[in-house]
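Trainee: Need coordinates for the following:
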Amino acid sequence: MSTLIFHPQSTDLGRRARVETPVCPPVPPTKVSEGPAVTQAAGRGLLRGRRLLVASVAGALLAGAGWSWKQHGFGGASAPTHQYETTEKLVLHTVQRQSLPITITERGTLSSQKETRIQCDLETVPGQSGTRILWLVPNGTAVKEGDLLVEFDSAPLKDRVNAQTVLFEQSRAAQIQATVRLENQKTQNETNLAAARLKVEMAKLALKMYEDESGGTYKIALNDLESKIQEAKNQIKEAQAALKMKAARKHGVETLFKLGYRGKGDLDQAMHEHLSADFALVRSTNALGTAEANRQKLKQYEYPMKVLELTGTISTAERALSQVERDNEALLAQTGAAKTAADRAFATEEEKLQRFKDQLAKSKVLAPHDGLVAHSPDRTPWGRLVAEGELVTERAKILSLPDLTRMQVKLGIHESVVDQVRVGLPATIRIDAFPDVSYRGSVASVAVLPTQDSSLSSDVKVYDVVVTIDEDVTSLKPGMTAIADIHVRRLDEVLTLPVQAILQEEDSTWCYVSTPEGVVRRPLKLGASNNAQVEVLEGLQTEDRVVLNPQAIHDADPSHGFPGA
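Mentor: Coordinates of the predicted model:
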């Protein structure tokens, strides 16, 4: 036969543990009293044919987690009164009101709050199988901040830096050339654009100068022709007058020649002068016709042709300006793209060079803080432990460096009480190795998802909780066992009962109370609890004396329950 003992939030992570107990032979019953009270000797064995749930010190924390002990079949009417006798000495406790601190106690393992992972951050150089460890600090060494922890072979990295430096300088020269070409192209674009705009402005001014009605080229030419026409008209008039005069003189000379008063020479002279006057008239008439024709040609042909020519020159200049603008844009984009490519190539080579220099700087790893060196237990891809002379790959763990002055405890909290644990709750930590010393702490984190404990059945869930020690410590080592009391809350002036006085079977919870008439069984309704005390909501009063060793009389009821229950 077996007895189930609850350990909901004990140091066993709140598990239910089944303790196998052999059944002892029954003790012959003692005298049974008459009437409503029944007396029977207490046996040393456990309840026969039933499973008796004994609420141990750890078991009471199920209620302390904020649970209510269920009470069924005891509500309303009072239960029958039974009296029991026992041959064993009873240990009694007087029920009182007092403060009830609610705590969750769990066992856990010490670890460092600040544990730095030291790994190989060097890239494997092409052509190499890995990075070789030249020197490694011995395992278990206490180091100070800045001490050398590990040194890697840096020769391949130095060659890589030297080769990259050459590429970097070449890319910088190309970048400078691309920058100069871009600036030259900008200047050339400005020059070409200015020249094209100048041609457009000059063509417009030429058209304006030609068409200006007050003093343009056309107006001047027209006025000049008008002047020539007027001059020709005046010359015609003069020529006509001169011709008339010369004609009269010729006629007179001819008359006198016929009369013999003039000689042949005089007659020839008069004829010549007449012809000259006539030629002058013809010439003036021709000049007038030419001037009038030129005026007609200027107005009808030359003017529109010149306007068309100048307008076409403007259009040509404007198109040339647009072409220059497009060419400038294309050439600037081309040289700009070349500059961008050169900048990116330079930045890439510079980044590579810096990365290789950083890698070279990482060939020596210094301690980021004080701590205790712990070599990595992981093996290299070649199946060997990290050590001097061994090859390691990138990101391979070399060692860890826990800070032993700042420690924490990792606990596993049962799912039944984890909802009461929150970040910031105070805690008290005790170390098994130093039982006389306690430390102040606080809850630092509570896991959102459960962690399955391989030692438990699949339906038992625990949640990782980290409690930090909020003071500097000495002499503590990672892996030590610690007990953390998480202080959830405190109830004032409540009726309390030691947890060892409580028994539970199925849905019934009770205790034994010593009265003047004998020991009686009292159903209980319980509230919160801690490791030692339980809050009593119903069933007891102040000054009631309860039995602290209920096992001494637990077999006194042969019906294993209240009659009629």
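
Trainee: next structured bit after the lengthiest strand in the chain?
Mentor: The residue-count maximum for a strand in the chain (DSSP state E) belongs to strand 481-498. The helix or strand immediately downstream of strand 481-498 is strand 503-505, counting by DSSP states H and E.

Trainee: per-residue confidence averaged over that following strand?
Mentor: Strand 503-505 shows a mean pLDDT of 87 in the predicted model.

Trainee: Given the longest strand of the chain, what are its sheet partners and their directions?
Mentor: According to DSSP bridges, strand 481-498 forms sheet pairs with strand 97-112 (antiparallel), strand 426-431 (antiparallel), strand 533-538 (antiparallel).

Trainee: out of the ones you listed, nearest to residue 499?
Mentor: Nearest of the strands paired with strand 481-498 to residue 499, taken as Cβ to Cβ: strand 533-538 at 5.5 Å. To be clear about C-beta, it is placed using only N, CA and C from the backbone, and glycine gets the same treatment.

Trainee: ok, and for that closest one, which residues are buried?
Mentor: Buried positions in strand 533-538, judged by neighbour count with 16 or more other Cβ atoms under 10 Å: 533, 534, 535, 536, 537.

Trainee: could you dump those to TSV with pLDDT and distance to residue 500?
Mentor: Supplementary listing: the buried residues of strand 533-538 in TSV, determined by pLDDT from 0 to 100; distance: Cβ to Cβ, whole Å:
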residue	pLDDT	distance to residue 500
533	90	10
534	92	10
535	92	15
536	95	14
537	94	19
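
Trainee: Please export the C-alpha coordinates of stretch 312-321 as CSV.
Mentor: Extracted in CSV, the C-alpha atoms of stretch 312-321 (Å, rounded to 0.1, in the frame of the first residue of the first chain):
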residue,chain,number,x,y,z
GLY,A,312,16.1,80.1,-88.1
THR,A,313,19.3,81.0,-86.5
ILE,A,314,17.5,81.5,-83.2
SER,A,315,15.8,78.1,-83.5
THR,A,316,19.1,76.5,-84.5
ALA,A,317,20.8,78.0,-81.5
GLU,A,318,18.0,77.0,-79.2
ARG,A,319,18.2,73.4,-80.5
ALA,A,320,21.9,73.5,-80.0
LEU,A,321,21.4,74.7,-76.5
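
Trainee: and that stretch, how far out from the chain's middle?
Mentor: Relative to its parent chain, stretch 312-321 has a centroid offset of 57 Å by Cα atoms, centre = their mean, to the nearest Å.

Trainee: what do you get for stretch 283-291?
Mentor: 97 Å.

Trainee: which residue sits closest to residue 167 in space, ignoring its chain neighbours?
Mentor: Spatial nearest neighbour of residue 167, excluding adjacent residues (Cβ to Cβ, 6 or more residues apart in numbering): residue 349 at 5.1 Å.

Trainee: Which helix or which strand is home to that neighbour?
Mentor: Applying DSSP H and E, one finds residue 349 within helix 303-361.

Trainee: so what strands line up beside the helix or strand that that helix is followed by?
Mentor: Downstream of helix 303-361, the next assigned helix or strand under DSSP H and E is strand 364-366. Sheet pairing for strand 364-366, assigned by DSSP bridges, gives strand 148-152 (antiparallel).

Trainee: which residues sit against the strand it pairs with?
Mentor: With Cβ atoms under 8 Å, 6 or more residues apart in numbering as the test, strand 148-152 has contacts from 118, 120, 122, 131-137, 143, 362-367, 373, 398-399, 401.
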